[in-house]
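In: Based on what follows, work out the 3D shape:
(one chain, ligands or ions: 1)
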Amino acid sequence: MSKKIKIGVLGGYRGSSMIKYCKEAENAEVVAICDNAPEVLEAQKRDAEGLNITFYDNFDEFIQHDMDAVVLANFATEHAPFAIKAMKQGKHVFSEVSPMQTMKEAVELLETVEETGMIYAYGENYCYMPAPYEMKKLYAQNKIGEFEYGECEYIHNCEPIWPSITYGIKDHWRNNMYSTYYCTHSLGPIIHATGLRPVSVIGLESANNKRREMGGGKGADLGIEIVTMENGAIVKSIHGGLYENSVWYSMYGSKGRMESAREETGKNDVKTIFVKCDVNEGDYAKLPVEEYRPARPYDDKARAFGHGSSDFYCMWHFVEKIKGNPEADIIDVYEALDMFLPGMFAFRSILGGSVPTEIPNLRKKEEREKWKNDTACTDPKVAGDMLLPTRFGGTPDIPDSVYEAVKQKWDEECASDNPNNYRAMIYKKGEGK
Ligand SMILES: NC(=O)c1ccc[n+]([C@@H]2O[C@H](COP(=O)([O-])OP(=O)(O)OC[C@H]3O[C@@H](n4cnc5c(N)ncnc54)[C@H](O)[C@@H]3O)[C@@H](O)[C@H]2O)c1
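Out: I've put the predicted structure just below:
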């Protein structure tokens, strides 16, 4: 059997998915796990019986471990500094969402990838869901012609699960996140399918933010980006928390349209694709709609993985890239920026009254100069004197009692035996509550 790629995982909640991948895949093994929350590390230790895994609570020690690559599943705002350290230590990097939180980090991350030559893969798993991945394949085959307009939705009402993803911590990244920060689950698949660079954006956010505020979230419930692409196409991207969930992608081209199923159709949304297009532009041939569930070679294995099997495929491509497989399809650092910067600049647009805002092109080295000291973000630890409010009109003042109530709910969830709450189960296993 060919050599397995040795992987270390930072962050033991979401990181559990990548640990599962390494346990079940044939091309990788997990050799080290790092988490500085004792209960999370303890839970991972219990799950690792019989496996040769070393555990760390300190990243600087973990990164010295003999391994080929690291998965960064730590806080969503802190990936870039850890990615930079890892690549400088000669490790390939798979980074969870989001790739960075400031323009300064964006420049440093790009330059580290270029200087070290290490593989950097952005873990935007939604690109690898069945329908969006099929859209990429069909677009490359010119099935719908030139891309003209797209819509993408990642609507996830997190109100019921807020205690088990923020634990009552006032400054948890999810509580400080602005509305358009987490835009890559919606926009990512359109960028990955078309390969087009976004050039400007108009941002919008909700004014009624009770759902988020009730759990202590300081950003707006909902963010929208209206993005202009380099070929003049327009994309409407929406994400955040409305009452009903939706993960949905639609692309219009010069000779047709393709889209994933809506939740209510009962057709397994991202698992089913609809294609309505002509052979030639201008035929108007009224060809029948094609509707099918795209299949891929590792579906038997992938089916047991989360997010419509995308959790399997994004890791598979990363590991195969390291192994030199020419079929490996990762999201490199430039594409990661194409997915993320529209959200960052949409927020600047929002703060300026939803004005159209240019998205910098950091592929051009001369553009980097302007941004290399820009620390603007909503994280007080990083922003310095460039701290941004968490939403238009200022950061809301949420009383401590809200966080205390959330913490109490989280404690109750940990004390219960609800096997569907995997985070509470991890916590409980670790702490022995
Ligand atoms: N792609 C997806 O579908 C998806 C789904 C869920 C979460 N995520 C991403 O996964 C990441 C983690 O989110 P989460 O939901 O697991 O919750 P989280 O951010 O609350 O947990 C992060 C974990 O990392 C550990 N950690 C943080 N900094 C550390 C450090 N310096 N040293 C050691 N350990 C450290 C924490 O103790 C914690 O256990 C985020 O980036 C999030 O965006 C992605």
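
In: Please report the distance of the nearest residue to Arg391 once chain neighbours are set aside from Ser200.
Out: Counting by Cβ to Cβ, 6 or more residues apart in numbering, Ala220 is the residue found nearest to Arg391 once chain neighbours are left out, at 4.6 Å. To be clear about C-beta, it is placed using only N, CA and C from the backbone, and glycine gets the same treatment. Distance, Ala220 to Ser200, by Cβ to Cβ, to the nearest Å: 21 Å.

In: now swap in Ile398 and tell me
Out: 33 Å.

In: Residues of the protein that sit close to the ligand?
Out: Residues of the chain found near the ligand (Cβ under 6 Å from any ligand atom) are 10-14, 34-37, 40, 59, 73-76, 96-97, 125, 165, 307.

In: can you tell me which helix or strand the residue most central in space within the chain belongs to?
Out: The centre of the chain sits closest to Val97, judged by Cα atoms, centre = their mean, with a distance of 3.2 Å. Assessed by DSSP states H and E, Val97 sits outside every helix and strand.

In: Report whether the expected contact of it with Gly123 is present.
Out: Yes: using Cβ atoms under 8 Å, Val97 is in contact with Gly123, at 6.6 Å.

In: In three-state terms, label the residue in the stretch 251-400 of the chain that the ligand sits nearest to for me.
Out: In the stretch 251-400 of the chain, the residue that lies nearest the ligand is His307 (5.2 Å; Cβ to the nearest ligand atom). Secondary structure, DSSP: H, G, I helix; E, B strand; the rest coil: His307 is coil.

In: how many other residues sit next to the closest residue to it other than its chain neighbours?
Out: Nearest non-adjacent residue to His307, counting by Cβ to Cβ, 6+ apart: Asn125, 5.3 Å away. Under the neighbour criterion other Cβ atoms under 10 Å, Asn125 is assigned a count of 25.

In: what's the answer for Ser246, then?
Out: Counted with other Cβ under 10 Å, the neighbours of Ser246 add up to 17.

In: now it: how far from Ile84?
Out: Separation of Ser246 from Ile84 (Cβ to Cβ) stands at 35 Å.

In: how about the residue nearest to Gly282 when sequence neighbours are not counted, phi and psi?
Out: Excluding its sequence neighbours, the residue lying closest to Gly282 (Cβ to Cβ, 6+ apart) is Lys255, at 7.8 Å. Dihedral angles of Lys255 (phi, psi; degrees, to the nearest 10) stand at phi -140, psi 30.

In: Renumber starting at 42 from here on
Out: In the new numbering, first residue 42, that becomes Lys296.

In: hmm, back to that, among the residues of the chain next to the ligand, which lie within helices?
Out: Those of the residues of the chain next to the ligand mapping onto helices are 81, 100, 206, per DSSP state H.

In: Write a ChimeraX command that selects only the buried members of these.
Out: Here is the ChimeraX command that selects the buried residues among those (16 or more other Cβ atoms under 10 Å):
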select :81,100
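
In: ok, the ones in helices among the residues of the chain next to the ligand vs Ala369, which is closest?
Out: Proximity of these to Ala369 (Cβ to Cβ) peaks at Phe100, which lies at 26.7 Å.

In: Does that closest one touch Pro122 like I think?
Out: No: applying Cβ under 8 Å, one finds Phe100 not in contact with Pro122, separated by 9.6 Å.

In: coming back round to it: now do the contacts for the residue nearest to Gly323.
Out: By Cβ atoms under 8 Å, 6 or more residues apart in numbering, the residues touching Lys296 are 185-186, 318-324.

In: Which two among those are spaced furthest apart?
Out: Within those, Ile185 and Gly323 form the most distant pair, 13.8 Å apart (Cβ to Cβ).

In: Would you quantify the distance from Ser295 to Thr221?
Out: In terms of Cβ to Cβ, Ser295 sits 29 Å off from Thr221.

In: got any ranges where the stretch 42-191 of the chain has weak pLDDT?
Out: Applying pLDDT under 70 to the stretch 42-191 of the chain picks out residues 42-43.

In: can you tell me which residues contact the residue of the stretch 142-291 of the chain found nearest the ligand?
Out: Closest residue of the stretch 142-291 of the chain to the ligand, Cβ to the nearest ligand atom: Asn166 (4.7 Å). Asn166 makes contact with 348, 351-352, 354-355, according to Cβ under 8 Å, 6+ apart.

In: Please enumerate the helices of the stretch 292-441 of the chain.
Out: Residue ranges of the helices in the stretch 292-441 of the chain, as given by DSSP state H, counting those that start in this stretch, are 340-343, 351-364, 374-392, 406-412, 421-424, 441-456.

In: ok, how many other residues are close to the residue of the stretch 292-441 of the chain closest to the ligand?
Out: Other residues near His348 come to 17 when the count uses other Cβ under 10 Å.

In: My read is that it contacts Glu165, right?
Out: No: assessed by Cβ under 8 Å, His348 is found out of contact with Glu165, at 10.6 Å.

In: Identify the residue nearest Ile104 in space, chain neighbours excluded?
Out: Residue nearest to Ile104 in three dimensions, not counting chain neighbours: Gln130, with 5.0 Å by Cβ to Cβ, 6+ apart.

In: Need phi/psi at the one you found.
Out: The phi/psi pair for Gln130 (degrees, to the nearest 10) reads phi -90, psi 10.

In: next one: the one 5 residues further on
Out: The phi/psi pair for Phe135 (degrees, to the nearest 10) reads phi -110, psi 110.

In: Likewise for Tyr54?
Out: Main-chain dihedrals, Tyr54, degrees, to the nearest 10: phi -90, psi -80.

In: Could you pull up the residues touching the closest residue to it other than its chain neighbours?
Out: Spatially, and ignoring its direct neighbours in sequence, Tyr54 is nearest to Arg464 (5.9 Å; Cβ to Cβ, 6+ apart). For Arg464, the contacting residues are 54, 205-206, by Cβ under 8 Å, 6+ apart.

In: Also Gly209?
Out: By Cβ under 8 Å, 6+ apart, the contact set of Gly209 is 257, 444-451.

In: Show me the strands in the stretch 92-241 of the chain, by range?
Out: Along the stretch 92-241 of the chain, counting by DSSP state E, counting those that start in this stretch, strands occupy 95-97, 110-113, 133-136, 161-163, 188-196, 239-246.

In: Among those, single out whichever gets nearest to Gly384.
Out: Closest approach to Gly384 among the strands of the stretch 92-241 of the chain is made by strand 239-246 (8.1 Å; Cβ to Cβ).

In: Can you list the strands that the closest one pairs with?
Out: Sheet partners assigned to strand 239-246 using DSSP bridges are listed as strand 263-270 (antiparallel), strand 398-399 (antiparallel).
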